[in-house]
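> predicted model follows, preceded by the sequence.
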Amino acid sequence: MSMLTPSGMGGKYRVTGNSYPRMRPPKRRGRFVAVLIAAVVVLGLFGWGAVQLFDVFGGKGKSTTAHAASSRPTCTPTASPTPAKPLALPQPAHVTMNVLNATTRGGLAKSTADALAARGFKVAKFGNAPDPYDAKVTGSALIVSGPGGEAAAREAGTQVVGSTVKIDPTRKGTTVDLLIGDAFAKLATPAQAAEARITAANPPAPKPTCTTKS
C-alpha cells in the first residue's frame, strides 16, 4: 500500500489506496429540462385538438354553421302582381307622330315619314333627332311619349320590328316621337305589324317583387 505525503504538510495528511478518484463530466440538466418542456407542449396541443374534434362531431360546429346561415338575408317573393289590363290601341288615323332620324344616314326621316303617312298615320313633322338622342339610338327605333300618349306610342311601335317604347312622365300631350335608330332597315310588313299589335295590346304582367329580410 502506497503512502503519499505532500511536502510541507508534515505528514499530517495522507492519501492512501491503490486507485485515484475518477473525474466525471457534469450532468446535463439543461437538456433534460428542454425535453420535458417540449413534451408538455406537444401533449397540450394534442389535448386541444381532441377538444376541437369533440366539439365538431358533438354538434357545436354544426350549430355555428346553422347560425351563420340563418343570419344571412332571405328573399321572400311577394304575392303575384295584378296582370296588366289590355290596352286599347288607337287606329293609325288617331296617332300623331314626329319622325326623327337619329342615324347618320341622310333622307331617312322623310322616306320613313312618307311610308307611315301612306299607312294612315298623321305625321306632324320629320327631321333630325335632338341632341339627347342623336346618334344614341342603337336599336331599330325608339318611340317616346308622355303618359297620355302611351297607347299611341305602342301603336306606332308596331310599325318597326324591334322598336322600344319609352314613357317620359314629364311629357304632355299624346303626340309621339319615332326616333329611327342605327339598326333600322325598313318598316314592318302588314303581317308583322298585325302580330305586334296583339302583343302591344296585351302587355305582360310585371314581375313579382322580392322582400328581403335580414
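Nice, thanks for sending it over.

> can you show me the strands along this protein?
3-4, 15-16, 74-77, 96-101, 122-128, 141-145, 164-167, 176-180, 210-213 (DSSP state E).

> ok, of the ones you listed, where does mean pLDDT dip lowest?
Among the strands of the chain, strand 3-4 has the lowest mean pLDDT, at a mean of 50.

> how many neighbours does residue 145 have?
Per other CB atoms under 10 Å, the neighbour tally for residue 145 reads 26. All C-beta spots, glycine's among them, are computed from the backbone N, C-alpha and C.

> check residue 86 too.
Neighbour number of residue 86 under other CB under 10 Å is 9.

> so who does it touch?
Residue 86 is in contact with 201, 202, counting by CB atoms under 8 Å, 6 or more residues apart in numbering.

> before we move on, what about the one 5 residues further on?
Taking CB under 8 Å, 6+ apart, we find residue 91 in contact with 120, 155.

> ok, now residue 152?
For residue 152, the contacting residues are 90, 94, 95, 96, 97, 145, 174, 175, 176, by CB under 8 Å, 6+ apart.

> from residue 121, how far out is it?
As judged by CB to CB, to the nearest Å, residue 152 and residue 121 stand 10 Å apart.

> which residues do these two both contact?
With CB under 8 Å, 6+ apart, residue 152 and residue 121 have common neighbours 95, 96, 97.

> relative to residue 107, which of the residues you listed is nearest.
residue 97 (18.1 Å; CB to CB).

> my guess is the closest one contacts residue 119. True?
No: using CB atoms under 8 Å, residue 97 makes no contact with residue 119, being 11.3 Å away.

> could you pull out the helices for this structure?
For the chain, the helices defined by DSSP state H cover 29-58, 60-70, 108-118, 150-157, 190-201.

> mean pLDDT for those helices: which is lowest?
helix 60-70 (a mean of 50).

> the closest residue to residue 108 other than its chain neighbours and residue 34: what is the separation?
Leaving aside its sequence neighbours, residue 108 sits nearest to residue 101 (CB to CB, 6 or more residues apart in numbering; 4.7 Å). Plainly put, residue 101 is 91 Å away from residue 34 if you go by CB to CB.
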